[in-house]
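**Q** Could you look at this predicted model? Sequence included:
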Amino acid sequence: MPDPHSIVVKGGRVVDASGEREADVVVVDGRIAAVGADLSADRTLDAAGCFVAPGLVDLHSHLREPGKEEAETVETGARGAALGGYTAILAMPNTTPAIDCEAVVRQVLDLGRAAPCDVLTSGAITVGRAGEQLAPMAEMAALGVRVFTDDGAGVQDNLLMRRAMEYAVGLGVILAQHCEDDALCGGGHMHEGEWSARLGIPGQPAEAEELMVMRDIALARLTGCRIHFQHLSTARSVAMVRDALAAGLPVTAEATPHHLTLTDAACASYDPVFKVNPPLRTPADVEAVRAGLADGTIATIATDHAPHAPETKELPFDLAPPGMLGLETALALALTELDLSVQQVLAALSWNPARILGIDDVHGAVAEGRPANLCVIDPEHTWTVSGAAMASRSTNTPYEGREVRGKVRHTVLHGEPVVVAGEAQR
């Protein structure tokens, strides 16, 4: 007789790092109790025609709270994440105040406790993300912070970055870098190249990213620190990371959906929805980033979900803030636009980021005894992107009106269905 509190995800095709198989999944008391054929339970979630995968994990979400709740809150960001199939997201520290001490870490973690996905937070590398003094990483690590970054800014001081890496080695944590040389890209609002010249918009050269990638690879070699490169966007950055991996250095990298699917030509409209940092690059760069994802140089797709209040994105291009929404569209864009298998897409969105973040004991597998963090994906469901229809408080998606394929039908968090038939349950 089925357990009175059990759930069966029925009729789907299970996909995880171990491969693909037709199977039902039974969940009892927050854990996967069985994976097999013809299973039953007290409640059924229909997965016919769907893939049943480990919940997605995002290494790069801007949740804006505390300080900019008009653009997003932890709750609205997490709800959008659950609708996008995510069961865990990593909040970035460029809030107001910055997440650079124990008190703000506790605040964000407390805000996330009732959220419909696991909300983890990164911590800042430097106090106030100002790049001048190391933040108290040990006190934040004691609360479970595993990743430290000044995201939105790269650490400019070479010696300070070396000290941060040495500190991180002792703590056993990862440093994630927004690679950008301020002196080179200062005053730029898009990629420096043919389109910036045509449009008369000051540009940021690819070298502004590449110099910092080069420096941090050298410092990783010197210190042994684990370094994660955020939102790689240029061909030479990808090549350097590929060489570093071949040399056995402890580096990982991510790419965003927009750097995989959009080019700097989109800025020809002068619409600030296409303004992002690092900027959209050339077709050759997009192809190189795609190749890096396909061959494993880039281990994960991270959203860089960056909501902004609508009135700020209506400013002129040079005054508008950079950033795009990503949590509800990342999966569909990957399935629609990339020449990758479903397993490759899910590896980049689920179990690879779970492994990098060190939460692969909780997220990233569909197996008996594991926590039940699952997403059920209908790969043939087509839909039209609409910023107004998203859970976010903001609407700044560059994919407005685009038809995409692949939709999350259900999301299960620690055994509780938080999205059912495409609708948020809390």
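**A** Received, thanks.

**Q** Which residue ranges of the chain form helices?
**A** 74-83, 102-112, 137-141, 158-171, 182-185, 194-199, 206-223, 235-246, 257-261, 283-295, 310-313, 330-337, 342-346, 352-357 (DSSP state H).

**Q** Of all the ones you listed, which one is nearest Gly401?
**A** Nearest to Gly401, of all the helices of the chain, is helix 330-337, at 13.7 Å by C-beta to C-beta. (C-beta placed from N, C-alpha, C; glycine too.)

**Q** Could you list every helix and strand in contact with that closest one?
**A** strand 56-61, helix 257-261, helix 342-346, strand 374-384, strand 403-413 (3 or more C-beta pairs under 8 Å, 6 or more residues apart in numbering; DSSP states H and E).

**Q** Looking at those, which is nearest to Arg393?
**A** Closest among these, once you apply C-beta to C-beta, is strand 56-61, at 13.9 Å.

**Q** Against Lys407, how distant is the closest residue to Tyr399 other than its chain neighbours?
**A** Spatial nearest neighbour of Tyr399, chain neighbours left out: Val385 (4.3 Å); criterion: C-beta to C-beta, 6 or more residues apart in numbering. Applying C-beta to C-beta, to the nearest Å, the value for Val385 to Lys407 is 11 Å.

**Q** same thing with Ala255?
**A** 22 Å.

**Q** Which of those two has more residues huddled nearby?
**A** More crowded of Ala255 and Lys407, by other C-beta atoms under 10 Å: Ala255, with 27 against 22.

**Q** Please name the residues that touch the more buried one.
**A** His231, Leu232, Ser233, Val289, Gly292, Leu293, Ile298, Thr300, Ile301, Ala302 (C-beta atoms under 8 Å, 6 or more residues apart in numbering).

**Q** any chance of the helices of the chain in CSV, with mean neighbour count too?
**A** Shown next, in CSV, are the helices of the chain (neighbours: other C-beta atoms under 10 Å):
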stretch, mean neighbour count
helix 74-83, 27
helix 102-112, 17
helix 137-141, 19
helix 158-171, 17
helix 182-185, 15
helix 194-199, 15
helix 206-223, 20
helix 235-246, 20
helix 257-261, 24
helix 283-295, 18
helix 310-313, 16
helix 330-337, 23
helix 342-346, 20
helix 352-357, 24
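
**Q** Quick one: the strands in the stretch 1-150 of the chain, in order.
**A** Taking DSSP state E, counting those that start in this stretch, the strands of the stretch 1-150 of the chain run over residues 7-16, 19-28, 31-36, 43-46, 51-54, 56-61, 86-91, 118-121, 147-148.

**Q** Just put those in a markdown table and tack on distance to Ile99.
**A** Formatted as a markdown table, the strands of the stretch 1-150 of the chain follow (distance: least, C-beta to C-beta, whole Å):
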| stretch | distance to Ile99 |
| --- | --- |
| strand 7-16 | 31 |
| strand 19-28 | 33 |
| strand 31-36 | 31 |
| strand 43-46 | 35 |
| strand 51-54 | 27 |
| strand 56-61 | 12 |
| strand 86-91 | 7 |
| strand 118-121 | 6 |
| strand 147-148 | 10 |
